[in-house]
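Q: Just need the structure, nothing else, for what follows:
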Amino acid sequence: VVEDSEYARKSLRSIFESADIDVVEVEDPLEAIEVYKKENPDIVTLDITMPEKDGTEVLKEILDVDPYAKVIMITSNGQDSSISKTILMGASHYVSKPFNPSKVLRVIEKVQNS
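A: Below is the predicted model of the structure:
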């Protein structure tokens, strides 16, 4: 979970833990690549809008390290152009804030099985 918002990170952690999914949290997008290399997660959830480095930059860096990475972008309402851009860049899917737990888990399952 790469997310600068503590509330959003806790929400995602709760959703994932309810489905017995292990979670690694990263608050600072500048640390995301190093944590990705160290942890080698099955799936990354990545907020598009973050300070210092936005999610599209982090997505590019993750895909440069691992072209097969499964990355789900986290969006806020009104970010349609950003969603399209990240999907074209190689993101696997997206989910919108506020989170709907069952939708988040459906997307995780879909991406895991792809």
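Q: Please count neighbours and contacts with C-alpha atoms only from this point.
A: OK.
Q: Report the separation between the closest residue in space to residue 15 that isn't next to it in sequence and residue 36.
A: Nearest residue to residue 15, sequence neighbours excluded (CA to CA, 6 or more residues apart in numbering): residue 101, at 5.8 Å. According to CA to CA, to the nearest Å, residue 101 and residue 36 sit 24 Å apart.
Q: swap in residue 74?
A: Counting by CA to CA, the gap from residue 74 to residue 36 is 17 Å.
Q: Comparing these two, which residue is more hemmed in?
A: With neighbours defined as other CA atoms under 10 Å, residue 74 and residue 36 compare such that residue 74 has more, 24 against 20.
Q: who does the helix or strand where the more buried one lies touch, helix- and strand-wise?
A: In this structure, residue 74 sits in strand 71-75 according to DSSP states H and E. Here strand 71-75 touches strand 44-47, helix 80-89, strand 93-96, going by 3 or more CA pairs under 8 Å, 6 or more residues apart in numbering; DSSP states H and E.
Q: what's the angle from the longest one to strand 71-75?
A: Using axes from the mean of the first three to the mean of the last three CA atoms, to 10 degrees, one finds that helix 80-89 and strand 71-75 are set 170 degrees apart in direction.
Q: ok, now which ones touch residue 16?
A: By CA atoms under 8 Å, 6 or more residues apart in numbering, the residues touching residue 16 are 22-23, 105.
Q: In contact with the residue lying closest to residue 96 once chain neighbours are set aside, which residues are there?
A: Leaving aside its chain neighbours, residue 96 sits nearest to residue 75 (4.7 Å; criterion: CA to CA, 6+ apart). With contact set as CA under 8 Å, 6+ apart, residue 75 has these partners: 47-49, 83, 94-97.
Q: Most neighbours out of those, which is it?
A: residue 47 leads the contacts of residue 75 on contacts (other CA under 10 Å) with 28 neighbours.
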